[in-house]
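S.K.: below: sequence and its predicted model.
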Amino acid sequence: MNQFIPRGTSKISARGLNVHYGDKHALHDIDLDIPAGEVTALIGPSGCGKSTFLRCINRMNDMVEGARVSGTLQLDGSDVYDRQLDVVQLRARVGMVFQKPNPFPKSIYDNVAYGPRIHGLARDQAELDEIVMNSLEKAGLLAEVESRLSESGTGLSGGQQQRLCIARAIAVSPEVILMDEPCSALDPIATAKVEELIDELRDNYTIVIVTHSMQQAARVSQRTAFFHLGKLIEVGGTEEIFTNPREPLTQGYITGRFG
Amino acid sequence: MTEMAEITVAARTAETVAARLNRRYAAERRFRILGLASILISAGFLVLLLGTVIAKGWTGFLQTQIAIEVAFDPQVIDPDGNRAPEVLDSADYPALVRDALAARLAPDADRGARRDLSAMVSTMGAEQMRRMVAADPAVIGGRATLWLPASDKLDMVYKGQAPRELGTAGNVLNDRQLGWMAELEKAGQIRKAFNVQFFTGGDSRAPEQAGIWGAVVGSFFSLVVTLAVSFPLGVATAVYLEEFAAKNRWTDLIEVNINNLAAVPSVVFGLLGLAVFLNVFHLPRSSPVAGGLVLALICLPTIIIAGRAALKAVPPSIRQAAAGLGASPLQIVAHHVLPLAMPGMLTGTILGMARALGETAPLLMIGMVAFIVDIPKSPLDPSAVLPVQIYLWAGSSERAFVEKTSAAIMVLLLFLVVMNMAAIMLRKKFERRW
Amino acid sequence: MSEHTVKSYDDELAHLSGMIARMGGLAEAQLGAALQSLSRRDDELAHKVVDSDARIDELDHEVDSFAVRLLALRQPMAGDLRHIVAALNISGEIERIGDYAANLAKRAMVLNQLPPTPKTGGVVRLGELVQALLKDILDAYVDRDLDKAIRVWERDEDVDSLYNTVFRDLIAQMTEDPGTITASTHLLFIAKNMERIGDHATNIAETLHFQILGTQPKGDRPKGASLGAQE
């Protein structure tokens, strides 16, 4: 499903997106474009809505009781919240990596093979093997686990587990990869490996990453969006945001003048 | 403050601190002693219970036998000499046994003596001879020394459960029989052997022939039916309620009701079984099918509750990971949640089964209190179950059933212990570290 | 601008600005004293100026290390980052201004051995103009006054023009009175150094503009009339 992505065109666009959790108004009128083939970072203080926005893209918010979404959120021009749209297919196009590494309690091979299996992406065992190997290779994990593919995925170190989750997400050949604070549970070396991976993945995927670390956002992303109290305050090139932001709120947050 | 005053204050403080410390230590000691005492008291009661049961029942595993030389008299067994099976089958083997006894103990026995002699052995001896002839007709015409099972009275006296002194008030054997017993003892022709009959025979009016096998098979069939009905239903219900049902007033109501059902006295389920399974569906009375269904009703709430707890324990991160990959809700449950929750569900099921094994009252309600001799061949045949068998034997007036009752209780307790241990081992083995 | 959540960060940034302000004050004083040693023919003063230059060099090194420390430990962003980088730049400019002031004092000592020339005053006036520029830009730095900085940036034009005039006068002086060639040559160098100080002050203005707005001032730097233009 890897299509040619014209770099820079808008892959995901939100217009007037509002999200309510029961009475709580979590996102206010978000207008945001995520360009294709680039890494976009979402930053902001806790509770600002950046994770909420992320979870709208692959409709993980559907799993939350009392979540209501209004406005439009389009993936390649078609509305993600359209009634006709099959959520299962959407999630095959938009993969997700979570904050705490959560490999299945199965073998490493089965972890990566699960997605392709349920979506019927491989015609036979040989093709499945190829997909698994490729994904592990792209995730920079193959060399480390090649000899123990039948061991449990939960036996790996934290950083390896997270890369396994990334391999698992890549295995279904998504177009977009969403990452919700993927390195917050990892040590600096594992973090560096994941960031390097994100750099390499940029060629073939659109990546949206939520992060608490501004240094990380500065290191990995090309565009940065700053959220505050459910509103989108500023979005722009990462370089500008971190050297010369327009909004005083943005300046205040990234220089540590909040609170 | 002067130095002296300071020192005094300091000393007093040190004193109070030391006093407080001692009080605390004393309180902790008292607490520990209390704990130890309660454990000892509970253990004491347990030992008392088990001790009583074992003391009364262990002899039930033994069978008194006397060695007698019997003659396979062809005149009695096969007068025509053509070895016809019906003839061999219907020969008067009890007479042969009596003759053998008379030959050994009282050659000039009159009818009274012969009656006394017959009362020394069980009819199982004649059965034994018939089986031997049927197996190998060549024994006809020969002699053999057989260990014949004693009657219940001889059994009781030899095991010391009834007095053996001549002329005592509670004697179950008369003086002549006691004399024969002493004689056999001196000749070494009486012994206690392992009581196979207890484990292979069905219920019987004759205590020495009574066995638990019928009840064991009946219990087994009942549990099979219970498992087959309650496990799938329970698991499916738990999965539906936990994973798929909307969280609203109705599901809350259902949850409350299931919790209540787990506490309903089991005899009520027996009444339900009587009314519905027997009177409406006309299932065979006293059969493991009907019993199993009633037990299934009793087990179901336990399995559902344990199942829901096991499902809840599966961390949401696994579900989210699967959902993020595009698994449908059914796939998430089938591929990830259920396999991980299964050990918990199995544990709950085994515990439920263990409880069902010991249920008596509801089964009495549906009539499994009849006197069944035959070993049931299918769940549709009438049968007894172990706890009911115990109940029946306990209520019998014959003294020889006392040891049988206790022996059966030991067997039941053993099964319960084994099942609970299996549940514990299963839980330990599958204890998950996420 | 509100304060940092971590107060010590604010203190450190203030300390950095303080060092720059101190350096600037020192350089300003050096320049003034050097000009005075020339106009009043005061050798002792000139000596003091030369000796004091080391202090400015020390401060420059301190600013360098402190700025590097801040960069490593605070990972500054946006305005804070520009502040620190600007401080690094500006301390370099001020250090060179200090060097020129000391050089002026050295030449003053030489000139004080020679008979005074008529055009010495012109050079002093150039020096005073540049001194005013320096004072203004340092004030603008301390107050973060963008307008003042822009005006300093524009007044470099005046410095250039005055320098050109002084240059022509000194050439004329040398032509008319060859006896003044030695003195006039020293004065030429001094004038050139003053013009350089003006450029450095303008650099500081540009850096301050970048620190405040994040961009360079628009347009080319205003330059005075070309040197080659003959009257």
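M.R.: Nice, thanks for sending it over.
S.K.: so which bits of chain C are right by chain A?
M.R.: Residues of chain C found near chain A (Cβ under 8 Å from any Cβ of the partner chain) are C:1-6, C:9, C:75-82, C:213-215. In this view, the C-beta of every residue, glycine as well, is placed from N, C-alpha and C.
S.K.: which ones among the residues you listed are found in strands?
M.R.: Nothing among the residues of chain C next to chain A maps onto strands, per DSSP state E.
S.K.: report the buried members of these.
M.R.: Buried positions within those, assessed by neighbour count (16 or more other Cβ atoms under 10 Å in any protein chain shown), are C:4, C:9, C:76-82, C:214.
S.K.: of these, the lowest pLDDT goes to which?
M.R.: Lowest pLDDT within those is found at C:H4 (86).
S.K.: quick check: phi and psi at that one.
M.R.: phi -70, psi 150 (degrees, to the nearest 10).
S.K.: contacts for stretch B:134-151, please.
M.R.: Under the criterion Cβ atoms under 8 Å, 6 or more residues apart in numbering or on different chains, residues B:63-74, B:77-78, B:83, B:85, B:88-89, B:97, B:119-122, B:124-125, B:128-129, B:132-133, B:158, B:190-191, B:193, B:197, B:206, B:208 lie in contact with stretch B:134-151.
S.K.: first-to-last residue distance for that stretch?
M.R.: End-to-end distance of stretch B:134-151 (Cα to Cα, to the nearest Å): 24 Å.
S.K.: that stretch: which residues count as buried?
M.R.: Here stretch B:134-151 shows B:140, B:146-151 as buried, counting by 16+ other Cβ under 10 Å.
S.K.: tell me the residue of chain C that sits nearest chain A?
M.R.: Relative to chain A, the nearest point of chain C is C:G214 (3.2 Å; Cβ to the nearest Cβ).
S.K.: quick one: pLDDT of the nearest residue to that residue once chain neighbours are set aside?
M.R.: Closest residue in space to C:G214, ignoring its immediate chain neighbours: A:N244 at 3.2 Å, by Cβ to Cβ, 6 or more residues apart in numbering or on different chains. We have a pLDDT of 91 for A:N244.
S.K.: again, but for the one 3 residues further on
M.R.: Note for A:E247: predicted pLDDT of 93.
S.K.: go on, the one 3 residues further on?
M.R.: For A:T250, the model assigns a pLDDT of 93.
S.K.: go ahead and confirm it touches A:K231.
M.R.: No. Judged on Cβ atoms under 8 Å, A:T250 makes no contact with A:K231 at a distance of 11.8 Å.
S.K.: okay, the two: which has more neighbours?
M.R.: A:T250 (24 against 15; other Cβ atoms under 10 Å in any protein chain shown).
S.K.: ok, that one - contacts?
M.R.: Going by Cβ under 8 Å, 6+ apart, A:T250 touches A:226, A:233-234, A:241, C:78.
S.K.: just the element for whichever residue of the stretch 51-200 of chain B sits closest to chain C, please.
M.R.: With Cβ to the nearest Cβ, the shortest gap between the stretch 51-200 of chain B and chain C falls at B:G51, namely 72.6 Å. Following DSSP states H and E, one finds B:G51 within helix B:3-57.
S.K.: tell me where the stretch 251-400 of chain B has helices.
M.R.: Ranges of helices in the stretch 251-400 of chain B, per DSSP state H, counting those that start in this stretch, are B:266-273, B:288-313, B:316-324, B:329-331, B:338-357, B:361-365, B:386-394.
S.K.: in a markdown table: those, plus mean neighbour count.
M.R.: As requested, these are exported to a markdown table (neighbours: other Cβ atoms under 10 Å in any protein chain shown):
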| stretch | mean neighbour count |
| --- | --- |
| helix B:266-273 | 20 |
| helix B:288-313 | 24 |
| helix B:316-324 | 20 |
| helix B:329-331 | 15 |
| helix B:338-357 | 21 |
| helix B:361-365 | 22 |
| helix B:386-394 | 22 |
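S.K.: so which residue is smack in the middle of chain A?
M.R.: A:L178 (1.2 Å; Cα atoms, centre = their mean).
S.K.: who touches the residue of chain C found nearest chain B in this structure?
M.R.: Nearest residue of chain C to chain B (Cβ to the nearest Cβ) works out as C:Q75 at 31.3 Å. Counting by Cβ under 8 Å, 6+ apart, C:Q75 makes contact with A:Q215.
S.K.: could you check how far it is from B:I33?
M.R.: With the distance defined as Cβ to Cβ, to the nearest Å, C:Q75 ends up 61 Å from B:I33.
S.K.: got the domain ranges for chain B?
M.R.: Listed domain ranges for chain B are B:61-194, B:213-429 (source: automatic domain parsing).
S.K.: the longest one: end-to-end distance?
M.R.: From the first residue to the last, domain B:213-429 extends over 33 Å; the measure is Cα to Cα.
S.K.: can you give me the strands for the stretch 1-150 of chain A?
M.R.: In the stretch 1-150 of chain A, the segments counted as strands under DSSP state E, counting those that start in this stretch are A:10-21, A:24-35, A:39-43, A:67-75, A:78-79, A:94-97.
S.K.: to C:T182, which of the ones you listed lies closest?
M.R.: Nearest of the strands of the stretch 1-150 of chain A to C:T182, taken as Cβ to Cβ: strand A:39-43 at 65.8 Å.
S.K.: just the C-alphas of the closest one, formatted as PDB.
M.R.: Taking C-alpha atoms only, strand A:39-43 is exported to PDB below (Å, rounded to 0.1, in the frame of the first residue of the first chain):
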ATOM      1  CA  VAL A  39       7.500  14.700  10.600                       C
ATOM      2  CA  THR A  40       5.000  17.000  12.400                       C
ATOM      3  CA  ALA A  41       5.500  17.400  16.100                       C
ATOM      4  CA  LEU A  42       2.600  18.300  18.500                       C
ATOM      5  CA  ILE A  43       3.800  20.000  21.600                       C
END
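S.K.: residue ranges with poor pLDDT in the chain?
M.R.: I'll assume chain A. Residue ranges of chain A with pLDDT under 70: A:1-8, A:259.
S.K.: you answered for a different chain; I wanted chain B.
M.R.: Applying pLDDT under 70 to chain B picks out residues B:1-2, B:431-434.
S.K.: in stretch C:10-28, which residues are buried?
M.R.: Using 16+ other Cβ under 10 Å as the test for burial, stretch C:10-28 gives C:10, C:12-13, C:16-17, C:19-20, C:22-24, C:26-28.
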